[in-house]
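Enquirer: everything below, folded, please.
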Amino acid sequence: MAIDSGYLSTQWTDADVFLRPAWTSLTGGLTEFEALALRTMAVSILIDGEVFPAVGRWLEAAPKVDRYNHIVAMFSALESVSGLPGPKFVLAHLRVPHDPYLFAADGSFLSDQTSHNPGYPDQVRCVNARLLPIVDDILARSGVPPVILIQGDHGSPEFRADARRMAILNAIHLPGPGKTMLYPTLSPVNSFRIVFDATFGTSFGTLPDVSWLSLPGSDMDFILVSQDGNCEG
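Expert: This is a model prediction of the structure:
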């Protein structure tokens, strides 16, 4: 089961169940890419901020409002999943606390997205307030103790040849004796390998917890990033 993330890389549309959260689109369903393309095409002359400032402001803001509404709807969809019967694997890629900073700490829409601070920490507070009760509900309503993974897809938003880009949140609830297989330096390299070995009796084992990073403009030149922050390449 997958919840529509609005992001191409995690659009698992051929999942057995693909949930499309309902939200009101201010751009008629335009994706962020389509809105960007629209602004860069010849039609942008007609909506130039100096010629039609109101239209320009709307076109700039609407995709962000859409994204905010979409993420709110994803939280609502995720809240409903724990009540569905039967075993299930659920994927939800929430593009938050990623920038742009759309959420205030109380969950309201943030019209000023220019500041990283308090933009980022406020989004973390908002996510915690929405996500932790969902986790509690899943734990309370599951007849079989569930496996829950909450992890980031990258660390620092800046592409640098150091470990900050690879440092992520990696929180795992693994019931039973499998929890003894977890360790402080566990990386996403081994998250699912351990979960499968502990839950389904597979024998994947673990691999070295190292990651590879490529910088913009050098997509095929990979840099080895080890747990101690050292980089090679």
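Enquirer: host element of Pro121?
Expert: If you go by DSSP states H and E, Pro121 is part of helix 116-141.
Enquirer: what residues of that helix count as buried?
Expert: 119, 122-127, 130-131, 134-135, 138 (16 or more other C-beta atoms under 10 Å). For every residue, glycine as well, the C-beta is placed using N, CA and C.
Enquirer: quick one: residues in contact with the helix or strand that it is followed by.
Expert: Scanning forward in sequence from helix 116-141 by DSSP H and E, the next helix or strand is strand 148-151. Under the contact criterion C-beta atoms under 8 Å, 6 or more residues apart in numbering, strand 148-151 has outside partners 131, 135, 138-139, 168-173, 188, 191-192, 195.
Enquirer: what's downstream of strand 148-151, the next helix or strand?
Expert: Reading on from strand 148-151 to the C-terminus, the next helix or strand found by DSSP H and E is strand 170-173.
Enquirer: that following strand: what's the following helix or strand?
Expert: Per DSSP H and E, strand 170-173 leads on to helix 188-200 as the next helix or strand towards the C-terminus.
Enquirer: now that following helix: average pLDDT?
Expert: Regarding helix 188-200, the rounded mean pLDDT is 95.
Enquirer: pick the one among the contacts of strand 148-151 closest to Phe18.
Expert: The closest of these to Phe18 turns out to be Ile138 (C-beta to C-beta; 19.8 Å).
Enquirer: re earlier: run the chain-centre distance for the helix holding Pro121.
Expert: Here the centre of mass of C-alpha atoms in helix 116-141, compared against the chain's by C-alpha atoms, centre = their mean, to the nearest Å, lies 13 Å away.
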